[in-house]
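J.: here is a sequence together with a model predicted from it:
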Amino acid sequence: MKSDKSRILTINGGSSTIKFAVFEGSFQRILEGAMERIGLPDTTLRIKGLNEDDNFSKLVMAPDHKVAVNILMDWIEERSRHDALTAVGHRLVHGGPKYCLPQLITREMVEELRQLSPFAPEHMLEEVLLIEAFHRRFPDLPQVACFDTTFHLDLPRVAKLLPIPRRYEAQGVRRYGFHGLSYEFLMGELALLAGAEAAQGRVILAHLGNGASLAAVRQGKSLDTSMSFTPTAGVPMGTRSGDLDPGLFLYLARTEGLDAKRFNDMVNFQSGLLGVSETSADMRDLLKHEMHDIRAAEAVELFCYQVKKWIGAFAAALGGLDTLVFAGGIGENAPIVRARICDGLRFLGTELEETQNAANDGMISAKTSRVAVRVIRTDEELMIAKTVSRVLGAVQQ
């Protein structure tokens, strides 16, 4: 690829949102935006770019992802000729046991991904729809799949195994782990900020947002991670439950007639911060109301407590801790949450400097802290663009 002409579009599709960005040349972000609240009456197309004309937010009619992506592609064509794009990079949450490494998307892969949709039904069907929509509109434009499971590909076998009958492993049922694009970016940034020795040490990465997970990393490789076979596992999230007693499903099936689909909807869309607070899945709202709403206070407390437990568990798996990194919307912007998580972790050698933490500084640990505690702003879109460039470069050699 010629860096002065390349223009890569990144697509990060969620259950109700399509985030996107365009990178030009040596990964300069020339615009970014999102189609938000897809399926609701107030669906919004929001765009921010280097050119003043590209900065706007407007309501659109997008009852589903199919309509939403067509509105987005119409805007791309209006803004510039589509042949100015070099490629499209898609964040794919899951590729099952076969698709883990980033690669050019083929018709065969799309069909197989559709068959693999039970691995992540809340994500994969929409992601396949986006791929197909771009192929119909821009049939000659290369598309690259960037899997969120790649970072955890070499998990130790003991961390991959689930304690269920062994025959299910042959069907691809194991721990996969997610947020891999974020973790790969964070490890690259850690090496730049703290040096290669720190990045090769005992590191815990805490990607805390509406979706939240942690990863234990040593010598730059993932040793364990809180999400498992699906992104629903691990710590409580905005609307996801995190880990639950599996016997709960049978209990609710017997007492409320809950079937598998309704249980899945409950643990993915009605639980977590929203389920406990009964008011909001947004940490900002809960912190604002916790002083006078016990439900909000308990939701925040549960989140911080569970994240703290995972940090302790991963410190044990790593044999100690050298660096703790906070990222994601909550991890980057909620000092009080970081403070509550780290409270009680002095036995690991973790101490925060209150002023730096309150200012969301990059280094928030006290000088006396044996553990370096950092805040690093993650950038999944940039990681997708760099991955696309690498894949296309390998194909063209």
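T.: Looks like it arrived, so ask away. Note that the structure is a prediction, hence the values are computed from the model and not measured.
J.: tell me what the longest strand seen in the chain is packed against?
T.: Longest strand in the chain by number of residues (criterion: DSSP state E): strand 28-36. Judged by 3 or more CB pairs under 8 Å, 6 or more residues apart in numbering; DSSP states H and E, strand 28-36 is in contact with strand 18-24, strand 44-49, helix 65-79, helix 380-396. Every residue, glycine included, has its C-beta placed from N, CA and C.
J.: tell me the most buried of the ones you listed?
T.: Highest mean neighbour count among the helices and strands packed on strand 28-36 (mean count of other CB atoms under 10 Å): strand 18-24, with a mean of 22.
J.: that one versus strand 44-49: what angle between them?
T.: Interaxial angle, strand 18-24 versus strand 44-49 (axes from the mean of the first three to the mean of the last three CA atoms, to 10 degrees): 20 degrees.
J.: name the helix or strand for Ala339, please.
T.: helix 335-342 (DSSP states H and E).
J.: show residues contacting the helix or strand that that helix is followed by.
T.: For helix 335-342, the following helix or strand on the C-terminal side (DSSP H and E) is helix 354-358. Around helix 354-358, the neighbours that count as contacts under CB atoms under 8 Å, 6 or more residues apart in numbering are Pro335, Arg338, Ala339, Met363, Ile364.
J.: of the residues you listed, select the buried ones using a ChimeraX command.
T.: Per 16 or more other CB atoms under 10 Å, the buried members of these correspond to this ChimeraX selection:
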select :335,338,363,364
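J.: just give me the closest of the contacts of helix 354-358 to Thr106.
T.: Among these, Arg338 lies closest to Thr106 (CB to CB), at 43.0 Å.
J.: the closest one contacts Ala359, doesn't it?
T.: No. Applying CB atoms under 8 Å, one finds Arg338 not in contact with Ala359, separated by 11.8 Å.
J.: the longest helix in the protein is where?
T.: In the chain, with assignment by DSSP state H, the single longest helix is helix 294-318.
J.: that one - contacts with which helices or strands?
T.: Counting by 3+ CB pairs under 8 Å, 6+ apart, helix 294-318 packs on strand 202-208, strand 212-218, strand 221-225, helix 272-277, helix 283-289, helix 335-342.
J.: hmm, back to that, list the strands paired with the longest strand of the chain, with their directions.
T.: strand 18-24 (antiparallel), strand 44-49 (antiparallel) (DSSP bridges).
J.: okay, now the unreliable bits of the stretch 251-397 of the chain?
T.: 396-397 (pLDDT under 70).
J.: how about a cut-off of 90?
T.: Segments of the stretch 251-397 of the chain classed as low confidence (criterion: pLDDT under 90) are 393-397.
J.: buried set for the longest helix of the chain?
T.: Across helix 294-318, burial judged by 16+ other CB under 10 Å covers 296-297, 299-300, 302-304, 306-308, 310-311, 314-315, 318.
J.: just stretch 218-228 next, same as before
T.: Here stretch 218-228 shows Arg218, Ser222, Leu223, Asp224, Thr225, Ser226, Met227, Ser228 as buried, counting by 16+ other CB under 10 Å.
J.: quick one: contacts of that stretch?
T.: 151-152, 154-156, 159, 162, 175-179, 183, 187, 199-203, 213-217, 233-235, 242, 310, 314, 317-318.
J.: is there a quick ChimeraX command that grabs whichever of the residues you listed are buried?
T.: The following ChimeraX line selects those of those that are buried, judged by 16+ other CB under 10 Å:
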select :151,152,155,159,175,176,177,178,179,183,187,199,200,201,202,203,213,214,215,216,217,233,234,235,242,310,314,318
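J.: I'd like the helices and strands packed on strand 28-36 written out as TSV, with distance to Leu113 added.
T.: Shown next, in TSV, are the helices and strands packed on strand 28-36 (distance: least, CB to CB, whole Å):
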stretch	distance to Leu113
strand 18-24	17
strand 44-49	26
helix 65-79	15
helix 380-396	17
